[in-house]
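Engineer: curious how this folds, go ahead:
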Amino acid sequence: MGKTADNPYPGARAFQQADHALYCGRDAETASLVDLWMTNRLSTVTGPVASGKTSLLRAGVYPLMPAKHSNVLPLGSLSYGMTFPFAALPDHNPFTFALLRSWSPDDIPTRLAGLSISDFVHRFTQVSDKPVYAAIDQMDDVLLNARSGPRARWRQQFLAELAQALDDHPRLHLLLAARTEAVGVLAAAVGIGARHALAGLTFTSAVEALKKPAEAAGRCVTDDAASMLIDLVCTGRTDDIEPTLLQVVCKQLWDELPVSVCEISGWAVREFCDANVALAAHCSRAIGQVAMEHELKPRLLRMWLLDNFVTDNGSRGGAYEGMPATAGMPNAVPRGLVDRHLLTYETDESARCYRLLSGRLIEPLRIANVDRTTAPASAEYLAAAERDLAGGELDFAWRNGDHALRSTSESNHRERAQARSVLGNVAYQRGRPDAALPHYRAAADLLYATGDTGAAAYQLAAAGRVLLAEGNAADAVPELRAAVERAPNDLVLQTQLALALWQLGEGRTAVAVLDWVLSFDGGYLEARRARGEILADLGEAKSAMADLDRALPARPSTQAARGLALAELGNHTAATEEVNDAVASAQRNGQVLLYAARALDLAGDKISAQERAREAIDATDPPLSAPHRQLALKLAGRRWRLANP
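Structural biologist: Have a look, this model is predicted:
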């Protein structure tokens, strides 16, 4: 078979696939990790940046797992599916949702949003007595980059769910991969279990990493050539070799070798391999990609790297991460360079210090050509936007999503829809549903044009839920009806439609929709919770309690609805306690405040009822629907209404 543009030599892909190339040379390590995973409830694989954790899992561990004899879930990710419209979902933890989607990519996304990790694993343990093997890659994404705000709360909930799943399911075998610096946080939250620590390649394993892909391609690498290649990526020690740099240099050699060369000897390395050129190209790619994502000039980014990470005497320097910048650059920039294996970092007393991945990159960095960079493709911008959104970098996610939209061909409806959805998600996470709405609607139109009615349904559902959250049920109902028409078997969308109908004043119709949903899946808690709240609102207290008591743990609105039902049944002491607890947890929620006002009114506390009703009228998170606002106005008192026309 001859050399072609796509296949320079039979088996060349073995060198070109990063996962395989970085894994080779670790057969013994792989076997050890497989045994660790299969015999322990909790296992962790840790290592520094670019030590090959992901490659070891994908190219080594997973192929060796006995899939026919056990439940082995796909490799889990905490940044999966960032183009799915967030607003289409009920309240959910994005870390949990991303993980479950990566474990079950063919499942209906809206159904996964309502599950905990333990709920998800239960589906497997219920139908089989076999062990369930689940792995999560890059745990440091949640452990290290979610220090404040909603992401810190989501992180705490997510880690608690992991621990709960391990407690609930004795047959669950969980394998977690994380950078070394995340070990302390992981140990405190979930535990470490049986730990496997990775380091750089040793000389022996590096030789194996060079020889095995060549053998698979029908070539051989001599011992002399292997030693020369290893020397080309080392700065002195040969017992801690950077896998990434070895892979970069080997790929360049492979691309340059003539088809006729079947033995890779020392002569072939000298003749066809230029390590400085290969590593300089690696630097150029990393700089160009990160510069593109952050709207920087590549030349200035390269100068920043030389100024801060190369000392006057030609050794590696370092720069500490601050808030919100590192040596004048936004922290997202050095983090992006870490992800592309140009920088690494160490942690010193909780402070992160960045350095070049290896001193071997100093000269290549100096000669890297960054003057002529290829214009990024729209797919690159979109991928960058997804990474930024997963990492909580909303400003960068918006910028790259906008670039993706502008650079995508008008005829590429799917990619334009994905860019629109990402922009909608950014606006939604910023607390700007008004800005998210047009993007979700545009994404729906684009997806419908491709014939993907299912995906279009979720965008329409997102638009409907945004309108519903703003108290605009009249406009939300048509959007949600359109979503249900395109995905009639999606029980989550049916439930959202029922909630919209209720807010429009059609409570009986809403209950009928929820009766249908629960006839298909009586265990769907979101539908049962919604029906219980609506029944309490309609005054059917006994039926409401039957649903609300099964919908635990209760959210504030569920708790307040339960308080109203108790008041309707005459248990005013318990009712007052329930609604007061609910209000303390959701002081700006219109429906919670209205439930409380009605319960207090039934208990005879007219003054407190009027006060809660007035607060409900002014509430914005979310506001009352028009029919419920009218009810709140009646409870607010005639004197107050005259003073507030």
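Engineer: contacting residues around the residue nearest the centre of the chain?
Structural biologist: Among the residues of the chain, the one closest to the centroid is Ser79, at 2.4 Å (C-alpha atoms, centre = their mean). Applying C-beta atoms under 8 Å, 6 or more residues apart in numbering, we find Ser79 in contact with Ala98, Gln138, Asp141, Glu386, Arg387, Ala390, Gly391. To be clear about C-beta, it is placed using only N, CA and C from the backbone, and glycine gets the same treatment.
Engineer: now intersect those with the strands, please.
Structural biologist: Using DSSP state E to define strands, no part of these is located there.
Engineer: among those, which lie within helices?
Structural biologist: Ala98, Asp141, Glu386, Arg387, Ala390 (DSSP state H).
Engineer: let me know the closest of the residues you listed to Ala536.
Structural biologist: Ala98 (33.9 Å; C-beta to C-beta).
Engineer: isn't the closest one up against Tyr80?
Structural biologist: Yes - counting by C-beta atoms under 8 Å, Tyr80 is a contact partner of Ala98 at 4.4 Å.
Engineer: neighbour-wise, which of these two wins?
Structural biologist: When Ala98 and Tyr80 are compared for neighbours, Ala98 comes out ahead with 23 against 18, by other C-beta atoms under 10 Å.
Engineer: give me the distance from the strand of greatest length in the chain to the chain's centre.
Structural biologist: Taking DSSP E as the criterion, the chain has its longest strand at strand 172-179. Remark: strand 172-179 is offset 16 Å from the chain centroid, using C-alpha atoms, centre = their mean, to the nearest Å.
Engineer: contacts for it next, please.
Structural biologist: Residues from elsewhere that reach strand 172-179 (C-beta under 8 Å, 6+ apart): 33, 36-38, 40-49, 53-54, 57, 61, 121, 125, 131-140, 143-144, 162, 165-166, 186, 190, 193.
Engineer: strand partners of it, parallel vs antiparallel please.
Structural biologist: strand 42-47 (parallel), strand 132-136 (parallel) (DSSP bridges).
Engineer: could you give me the average pLDDT of the shortest one?
Structural biologist: The predicted model gives strand 132-136 an average pLDDT of 94.
Engineer: can you check stretch 260-271 too?
Structural biologist: Across stretch 260-271, pLDDT averages out at 91.
Engineer: outside of it, which residues touch it?
Structural biologist: With C-beta under 8 Å, 6+ apart as the criterion, stretch 260-271 contacts 214, 218-222, 224-225, 228-229, 232, 253, 257, 272.
Engineer: save the ones in helices among the contacts of Ser79 as TSV, and put in pLDDT and distance to Arg399 too.
Structural biologist: Formatted as TSV, the ones in helices among the contacts of Ser79 follow (pLDDT from 0 to 100; distance: C-beta to C-beta, whole Å):
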residue	pLDDT	distance to Arg399
Ala98	92	22
Asp141	72	20
Glu386	89	13
Arg387	85	13
Ala390	85	15
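Engineer: just the residues you listed now: which is nearest Ala278?
Structural biologist: Using C-beta to C-beta, those come closest to Ala278 at Arg387, 25.3 Å.
Engineer: residues in contact with the closest one?
Structural biologist: Arg387 neighbours (C-beta under 8 Å, 6+ apart): Ser79, Asp339.
Engineer: which among the contacts of strand 172-179 count as buried?
Structural biologist: Neighbour-count burial (16 or more other C-beta atoms under 10 Å) applied to the contacts of strand 172-179 gives 33, 36-38, 42-49, 53-54, 57, 61, 121, 125, 131-140, 143-144, 162, 165-166, 186, 190, 193.
Engineer: quick check: domain ranges of the chain?
Structural biologist: 13-17+201-273, 26-197, 277-367 (automatic domain parsing).
Engineer: just tell me which of the ones you listed ends up closest to Gly471.
Structural biologist: That would be domain 26-197 among these, by C-beta to C-beta, at 15.1 Å.
Engineer: can you pull out the helices in the stretch 151-300 of the chain?
Structural biologist: Listed in chain order, the helices of the stretch 151-300 of the chain (DSSP state H, counting those that start in this stretch) span 183-189, 203-216, 223-233, 243-256, 266-272, 275-293, 298-309.
Engineer: could you check the angle helix 223-233 makes with the second one?
Structural biologist: For helix 203-216 against helix 223-233, the angle between stretch directions is 120 degrees (axes from the mean of the first three to the mean of the last three C-alpha atoms, to 10 degrees).
Engineer: same question, the fourth one
Structural biologist: Angular relation of helix 243-256 and helix 223-233 on a 0 to 180 degree scale: 120 degrees, by the same axes, to 10 degrees.
Engineer: roughly how far is helix 243-256 from the heart of the chain?
Structural biologist: Centroid displacement of helix 243-256 relative to its chain, using C-alpha atoms, centre = their mean, is 31 Å.
Engineer: cool, stretch 116-130 as well?
Structural biologist: Mean-position distance between stretch 116-130 and its chain equals 22 Å (C-alpha atoms, centre = their mean).
Engineer: pretty sure the residue nearest to the centre of the chain is in a helix, no?
Structural biologist: No - counting by DSSP: H, G, I helix; E, B strand; the rest coil, Ser79 is not found in a helix; it is coil.
Engineer: list phi and psi for it.
Structural biologist: phi -130, psi 30 (degrees, to the nearest 10).
Engineer: and it, how far is that from Glu363?
Structural biologist: Ser79 sits 34 Å away from Glu363, going by C-beta to C-beta, to the nearest Å.
Engineer: likewise for Leu229?
Structural biologist: 17 Å.
Engineer: same question, Gly318
Structural biologist: To Glu363, Gly318 is 18 Å away according to C-beta to C-beta.
Engineer: how about Asn400?
Structural biologist: 31 Å.
Engineer: try Val333
Structural biologist: 22 Å.
Engineer: tell me which of the two has more neighbours.
Structural biologist: More neighbours surround Val333 than the other of Val333 and Glu363, with 24 against 16 (other C-beta under 10 Å).
Engineer: what's the helix or strand for the more buried one?
Structural biologist: Element membership for Val333, per DSSP states H and E: helix 332-339.
Engineer: contacts for whichever helix or strand comes after that helix?
Structural biologist: Counting by DSSP H and E, the element after helix 332-339 in chain order, helix or strand, is strand 343-348. With contacts defined as C-beta under 8 Å, 6+ apart, strand 343-348 is touched by 48-50, 181, 309, 318, 320-321, 334, 337-338, 352-357.
Engineer: in helices, which of those fall?
Structural biologist: Checked against DSSP H, those include these in helices: Phe309, Pro334, Leu337, Val338.
Engineer: show me what Lys135 bridges to in the sheet.
Structural biologist: Not quite, residue 135 is Ala, not Lys. Ala135 has these beta-bridge partners by DSSP bridges: Leu175.
Engineer: again with Ala351
Structural biologist: Here Ala351, judged by DSSP bridges, has bridge partners Asp348.
Engineer: measure it to Met329 for me?
Structural biologist: On the measure of C-beta to C-beta, Ala351 and Met329 end up 16 Å apart.
Engineer: neighbour-wise, which of those two wins?
Structural biologist: Met329 (21 against 11).
Engineer: thank you, goodbye.
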